[in-house]
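*Asks:* Predicted model follows, preceded by the sequence.
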Amino acid sequence: MEACAPWRPISAGEARERDAAGLPHVVVYREPGREAPLEVRLVSRQDHHVGLWAYDAQDRRSHDLDMRLLDDPSRLLRRYSVSWHCTGPETAEFDKAGPRITVDLMQEHQRLHGDVLTGLRAPPEPPPSLRPLPHR
């Protein structure tokens, strides 16, 4: 995905046109009176990429996802995600000691990693379709 400097806010119609043409764009969902957005989507159909950041009520990023658009336009593959669970309103964003869950299915990493720290139950064993393949 090609990086570029911030340009200018665009209308929903212009974003739809860029999307239809496969051009990268960012969609920011906001709520009046709130400093941080509710959600940010980074979309580039030409690169088969959708990124998503979601924010909690204290304006901390709570989810980060990297997804790939599949041949069927209604389907996405979640390649990477991390979810932070802040245990209270005073918890810092990305608190290293706080609970978080990471799923990493990127080809270069070839692993499924769940990192669940104090306060949450361990996730169940992943289904066979998500388990790493044995190396040959």
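*Replies:* That came through fine.
*Asks:* And the strands in this structure?
*Replies:* Remark: strands assigned in the chain by DSSP state E are 25-29, 39-44, 49-55, 61-69, 76-84, 100-104.
*Asks:* where does the chain have low pLDDT?
*Replies:* The model of the chain has pLDDT under 70 over residues 1-7, 107-136.
*Asks:* hang on, the earlier thing: distance to Arg16 and mean neighbour count added to the strands of the chain, as JSON lines?
*Replies:* To be clear about C-beta, it is placed using only N, CA and C from the backbone, and glycine gets the same treatment. As requested, the strands of the chain are exported to JSON lines (distance: least, Cβ to Cβ, whole Å; neighbours: other Cβ atoms under 10 Å):
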{"stretch": "strand 25-29", "distance to Arg16": "9", "mean neighbour count": "14"}
{"stretch": "strand 39-44", "distance to Arg16": "11", "mean neighbour count": "18"}
{"stretch": "strand 49-55", "distance to Arg16": "15", "mean neighbour count": "17"}
{"stretch": "strand 61-69", "distance to Arg16": "16", "mean neighbour count": "17"}
{"stretch": "strand 76-84", "distance to Arg16": "18", "mean neighbour count": "16"}
{"stretch": "strand 100-104", "distance to Arg16": "30", "mean neighbour count": "17"}
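*Asks:* Let's have these in JSON lines, adding distance to Gly13.
*Replies:* Output for the strands of the chain, formatted as JSON lines (distance: least, Cβ to Cβ, whole Å):
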{"stretch": "strand 25-29", "distance to Gly13": "12"}
{"stretch": "strand 39-44", "distance to Gly13": "15"}
{"stretch": "strand 49-55", "distance to Gly13": "20"}
{"stretch": "strand 61-69", "distance to Gly13": "21"}
{"stretch": "strand 76-84", "distance to Gly13": "24"}
{"stretch": "strand 100-104", "distance to Gly13": "35"}
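*Asks:* Please work out how many residues are found near the closest residue to His85 other than its chain neighbours.
*Replies:* Distances taken as Cβ to Cβ, 6 or more residues apart in numbering place Pro99 nearest to His85, at 4.3 Å, with adjacent residues excluded. Applying other Cβ atoms under 10 Å, we find 17 residues neighbouring Pro99.
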